[in-house]
Structure formats: structure tokens, C-alpha cells
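1. take this sequence and fold it.
(2 chains)
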Amino acid sequence: MTALAATEPLGAKAVEAAAGPPPRPAKRAGPLEWIVVHLVFLVVCAFFLVPFLWLLSAAFDGKASAYIQFPVQPTIMNFVRIFTEHDFARVLANSVFVAVATMLLVVVAVSLAGYSLSRLDLRRKDWITYAVLLLQTMPISATMVPIYGLAKQLGLRNSYLGLILIHAAIELPFLIWLMKGFFDSIPRHLEEAAWLDGRSKLRALIEIVLPLARPGLGIAAGLAFLSAWAEVLMVVILIDQDSLKTVPLAFYEAMRTQGGYTEVQYGVIAAMAVIYLLPVMVVFFAARRLMVRGLMSSTRGL
Amino acid sequence: MATVEFDQVWKRFPSQTAPAVRGLNLTVPDRELLVLLGPSGCGKTTALRMLAGLEEPDGGDIRIGGKSVVGLEPKDRDVALVFQSYALYPHLSARDNIGYPLKVRNLSKAEQGAKIDRVAEMLGIGHLLPRRPAQLSGGEQQRVALARAIVREPRVFLMDEPLSNLDAKLRVHTRTELKTLQRDLGTTMVFVTHDQAEAMSLAHRIAVLSQGELQQIGTPDDVYDRPANVFVAEFIGSPPMNLLEATRDGDSVVTSGGWRVPAPDGLDASPAGELTLGLRPEGIDIVSDGQPAEVVAVEPFGSEVIVDVRIGPQALKIRAAPDVRPTPGSTIALRADAAAVRLFDRASGAALS
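-> Residues are numbered from 1 along each chain as shown, chains lettered A, B, ... in the order given. Sure thing, here's the model as predicted:
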């Protein structure tokens, strides 16, 4: 911005004059800078917002197309149709159930695993810790085929349990590391005091350590929910039974079942997407303070 | 109410080459206030943590009330520990912090309340009970931590430098209170500190540790007047005991600075032995006719004056009356109080008598 100011000395002078005789040169941006900054900001925003604008307009348009446009035929029929023709209530319930169950499983697992890696005297603990990190770096698509085979052998295809386990497994390595950082930042003396006050190690963890790790658990829960909610690949691999479909699969099928891509029902897909995004918004706004606080303190703990 | 015994206790941490505690033998009788004293890294905190069950010994036995506690979980030992950091639960109010050990023991709400109020009154913290630890000053947090330890009436109190985070004035005040409190409660207490003045003022007996080994155990007077070795002589007392290289010459001991001091009675060290002469700063008198010494500096402390002098190459400190103000650079005459002379074997550092 200083470079811009140099090309437009008049603007800078105008600001100085308007500010009166200040004891030192004012560092506020000139009007041109202000305009440029906000223009750039608007362009970037638009870049990110256009897809959402399309979703909103298409969801309420009886003649939605792949192009962004104001609703040609304003209607709420798209929403009615997804619930009547596509059994979307069932699909949503499946998604909510899988995401919430994944979240609960992840919170319990990362509490215990993160605490263990932070506190226990394990042999070769550094190896274990890095092995967890290594898992995180593996692209999940590379293990797609063995996961499919394993799920089939274990009877975990077309089951909620299979989806919940794999969604939790995908998120666990990173969240275990995150929670290890949180536990590292909690002084050991606190749980030692609880042991001496007469508590078992597990009760001390639950009553003293976990309440202090709440920001971390909040992030872990939020991220686990959102990732299970958004995950597509494993759903496509593991589920082909209609009664178990989750939202991503419903999208996928809404694009295919209408007799080929030329007749894609954009309005229906957009309506699904709008509803699909709502819980994400709710989770984000409900937990945003906690998540920001958690992410700030996790960088301190890691 | 219980005795505490360490019986040949060893502890070695995998990350360290030297053992943290080597063959510690120690018996603390019921109702005693024993201070474990030593510099940082001497093993005093490790010994305390082994007693609490936060570390397990590698060898030996630890008994409380005559029964071995080795292998017992901390929760089953019935000892209370006050941490240097106080370790108050940040998410609980002072009242809930103090009440936590009672809640664990499933006391009724009414009983818990009565006990908390009684302890809070004893320590004068009734008005602080609704507050969270973050809203308390260091001294207030220390009291809440103490209340949490007292409220459960444990068999033994363990104190891990509980006063070292307080400012100097409060520290001196609190240690007097703590001493009175321990006497009134009559509970055995093991108190860890690196501050020799704190140890002297609090302890019934002091156990001095260095590099994991017990150097001496005795009353404050014992360790001050009759240090078992050079380490104890230097560690206890402020300023510490003057230690001067010396050799035996008949009935006298001669320092390498040339100062001839009468040897204590009954000294049976070999006449040729290399010695270290120990003299407390108050064991040296400034006289009109004696060993000449050059005054290096004068430190007035109000109630006393410390005179830094030099005899040949050897520096020593003398405790003198508050009105004694020799001029730096001048020469004064000294005489050692024969009863104050202590001798140590120079090679081993052990006291000779």
C-alpha cells in the first residue's frame, strides 16, 4: 500500500491536510488506497461467494440451469420435491446420525489417546507419536481398495457402524495430535493433586483434566462432525443401500438418475445443498469462539 | 498421625546417569516436622514424590505408619501434598477446591460444608471461598492449597516448597503460621525446601541432602553447630561457615594464611593430616591483640555487621556487633573462639572430632 501512496502523493497530502497539524505524519491510508483495498476485498469475496449465490438462486428457481441467474421461475417446489420424491428426510437423518456418532466416538478416543501420548511413560512413545502423524499424511484414496475389501469381509458395508468407524479413523490422527498439544499445556500437578485428594487416574482425567481441555475437545468435536458430514469418498464406496444413503450420495444420484447429465435437475441439487450447508453454519456459529480460542491455545501447546 | 520411614530407598530416572536418590534411610516419628533441605537436584523433591506415590522407588521400602506403601496408588496413601505451584483446580471455586477431597470421600453436603467453613476460618480465608483461583493473589492461593490439604485430616502432610512463590515478607510470616499450625494439628509433616533459613526456623529436625545422599540429620542446632561435613557447613548459615585450608601442628591448627588456632580437645587426626578448618562468622572475635587481618569490606545489617577480612590469601567473614565499623584497608586483630573451632578431613570433607 505504501507503493500506491507513492504514486498518488496528492491523496496522501489531502489526508494530512484534513488531519490538521499532527505531531507526527498521519499513517492513515489515502482515499484511493481505501478504494483499491476494498475493491480487492470485494473481488476476493465475490470469488468465494458466487457458488453460494448460485446455490441460493437455483434452489428457488423452477428453471435452474448451470449458469448463475436470478430465479426465472421463483418457487419453493425444489424443496418440496426433495422431500417427496427423493426421501431427503431419511437421507438427512442418516447424515446427522453418522456425523454425531462419529463426533462422539472421536471425542472419547482423542481424549484417551491424546492424554496417553501426553502423559504416560510408554516405551518408544516418540515412535508411536510419529506413527500417528505418518498416518495423517497418507492420502485416504490410496487405501480405498483395501478399505472396501476389509469392510466387505467384516460385514461393515452398508452399515452405519462401518461409516462411523471409517470417518472417525480418517480424523483421528490429526485430532490426537491436537489433543496431545492441549494436554501438554495442562500442568501435571493438577492431576497429581487430584490423585492425592483420593481420585483414581480415570476420574482425575474426567473431573480435572478434561474440563480444562474443553477448548480442544470443542475443536475436535467440531472438526470431526464437519468432516464426517462432508466426507464423500467412503460413503460412495461403502453404501449402496437406499435406506442408508447420506447427503453426498443423494447428490451423486440426483445427478445421475434423471436420465443422464443433460437433464440434471439443478434446482433439486441446489435445494439439497442449501439444506446440507445449514448444519455446517450452525456448528460454525455455535462453536466459533471456542474454536478460535482452541486453535490459538493449541499452537501454544504443540 | 503416623511415622514415616525411608529404608534404603533408591531412585534412578532413565534420562539421568546419576541416581536421584541413593540409599536414603530416614525415620520421621509421629507428629514431627521434618525438613528435607538441599540445593536443587539433590533428590529432596524426588524423595517427597516417592512418599506421595507420584514416583515409585527402584529399590528399598517406604513405610507410613509402619506399613509399606510401595506400589500403592497415591489415592490410597492418605497423605496430602501442597505443591510449589499450589495446583489449585482452575475451573473450581476456592470452596470447591477445598471441598474436592471431601467430595471424593462421599461426605454429606452438610458435613463437607461444616469442614470447609471450619478450615477456612482457621486460615482466615472465609471471604475468598466463592472466588476462582485466578481471582486470588499468590498468598491467598497458597492458603487455599493449605486448606485443601488440612481439610481432609491426612496421616501425613507433604510440602513441596510451598512458600517459595511468596514474596519475602509474606514468606516469613507464613512459615511462623505453618509451624504453629503443624503443632496444633499434631500431624507429621515432611517439608521440602532449598532455603536453609526456612529450614532452620520451621524444623524439628533437618535432613540435609546432596546429590541424592543424606548428609546429616539432626535438630537445627545440631546441623548448625556440628555439621557432619563440609557440605553441610557451607550450606547452613548465612553467611556460611568460614572454611580454611589448614594443617596440624602439635596442639594447634595452622591455616595456610598462617593463622594459628588451638585445636579442639580430643582431636585424634594424624598430625600430618590435611585439614579444613571451620569457623562460624560469630566464632571469631575482634580483639586488641591477636591474628592480624586486613579489612576488605564492611556490610552493616542493622542488628549486626559482617566484616569481610583477609588473612594472607584466605578470605573470611566475621559477625560483629552493630557498632563495629572498621575502615576498609585497615588491619584488625582476630581471635578464634576455641569452642567454635570445627575440623574436617580435607580429602573426604567429613567432620573430625
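2. what's around the residue lying closest to A:W229 once chain neighbours are set aside, how many residues?
-> The spatial neighbour of A:W229 that comes closest, neighbours along the chain excluded (C-beta to C-beta, 6 or more residues apart in numbering or on different chains), is A:A99 at 4.4 Å. No exception for glycine: its C-beta is placed from N, CA and C like everyone else's. Look at A:A99: counted by other C-beta atoms under 10 Å in any protein chain shown, it has 25 neighbours.
3. which residues are in contact with A:A99?
-> Listed by C-beta atoms under 8 Å, 6 or more residues apart in numbering or on different chains, the contact set of A:A99 reads A:H167, A:F225, A:A228, A:W229, A:P279.
4. and it, what element?
-> Under the criterion DSSP states H and E, the helix or strand holding A:A99 is helix A:88-119.
5. so which bits of the longest helix belonging to chain B are buried?
-> As assigned by DSSP state H, the longest helix anywhere in chain B is helix B:168-185. By neighbour count, and taking 16 or more other C-beta atoms under 10 Å in any protein chain shown as the criterion, the buried residues in helix B:168-185 are B:R171, B:T174, B:R175, B:L178, B:K179, B:L181, B:Q182, B:L185.
6. what of stretch B:70-80?
-> Buried, per 16+ other C-beta under 10 Å, within stretch B:70-80: B:P74, B:K75, B:R77, B:D78, B:V79, B:A80.
7. right, and A:R90 touches A:S243 too?
-> Yes - with contact defined as C-beta atoms under 8 Å, A:R90 counts as touching A:S243 (6.9 Å).
8. thinking again about what came up before, from the contact counts, what lies against the longest helix of chain B?
-> Where contact means 3 or more C-beta pairs under 8 Å, 6 or more residues apart in numbering or on different chains; DSSP states H and E, helix B:168-185 is packed against helix B:138-150, helix B:196-202.
9. sorry, back to before: nearest to B:E304 among the contacts of A:A99?
-> When these are compared for distance to B:E304 (C-beta to C-beta), A:F225 comes out closest, at 70.5 Å.
10. the closest one - nearest residue in space that isn't next to it in sequence?
-> Here the residue nearest A:F225, using C-beta to C-beta, 6+ apart, is A:M103, at 4.3 Å.
11. now do the contacts for that neighbour.
-> Applying C-beta under 8 Å, 6+ apart, we find A:M103 in contact with A:A221, A:A224, A:F225, A:A228.
12. could I get the residues you listed as a markdown table with neighbour count, secondary structure and pLDDT?
-> As requested, the contacts of A:M103 are exported to a markdown table (neighbours: other C-beta atoms under 10 Å in any protein chain shown; DSSP: H, G, I helix; E, B strand; the rest coil; pLDDT from 0 to 100):
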| residue | neighbour count | secondary structure | pLDDT |
| --- | --- | --- | --- |
| A:A221 | 22 | helix | 91 |
| A:A224 | 27 | helix | 93 |
| A:F225 | 24 | helix | 92 |
| A:A228 | 27 | helix | 93 |
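13. now the strand or helix carrying A:G218 and helix A:88-119, what's the angle there?
-> Using DSSP H and E, A:G218 falls within helix A:214-230. Helix A:214-230 and helix A:88-119 meet at an angle of 140 degrees, taking axes from the mean of the first three to the mean of the last three C-alpha atoms, to 10 degrees as the criterion.
14. run through who's touching helix A:214-230.
-> Counting by C-beta under 8 Å, 6+ apart, helix A:214-230 makes contact with A:95, A:98-100, A:102-103, A:106-107, A:110-111, A:114, A:164, A:167-168, A:170-171, A:174-175, A:178-179, A:181-183, A:210, A:247-248, A:279-280, A:283-284, A:287, A:290-291, A:293-295, A:297-298, all of which sit outside it.
15. how about that helix: buried residues?
-> Buried residues in helix A:214-230, defined by neighbour count with 16+ other C-beta under 10 Å: A:215-229.
16. same check on stretch A:101-109?
-> When neighbours are counted by 16+ other C-beta under 10 Å, the buried residues of stretch A:101-109 are found to be A:A101, A:T102, A:M103, A:L105, A:V106, A:V107, A:A109.
17. just give me the closest of those residues to chain B.
-> Set against chain B, the nearest of the buried residues of stretch A:101-109 by C-beta to the nearest C-beta is A:V107 (18.1 Å).
18. could you give me the average pLDDT of the strand or helix carrying B:R248?
-> B:R248 belongs to strand B:242-249 when elements are defined using DSSP H and E. Model confidence over strand B:242-249 averages 90 on the pLDDT scale.
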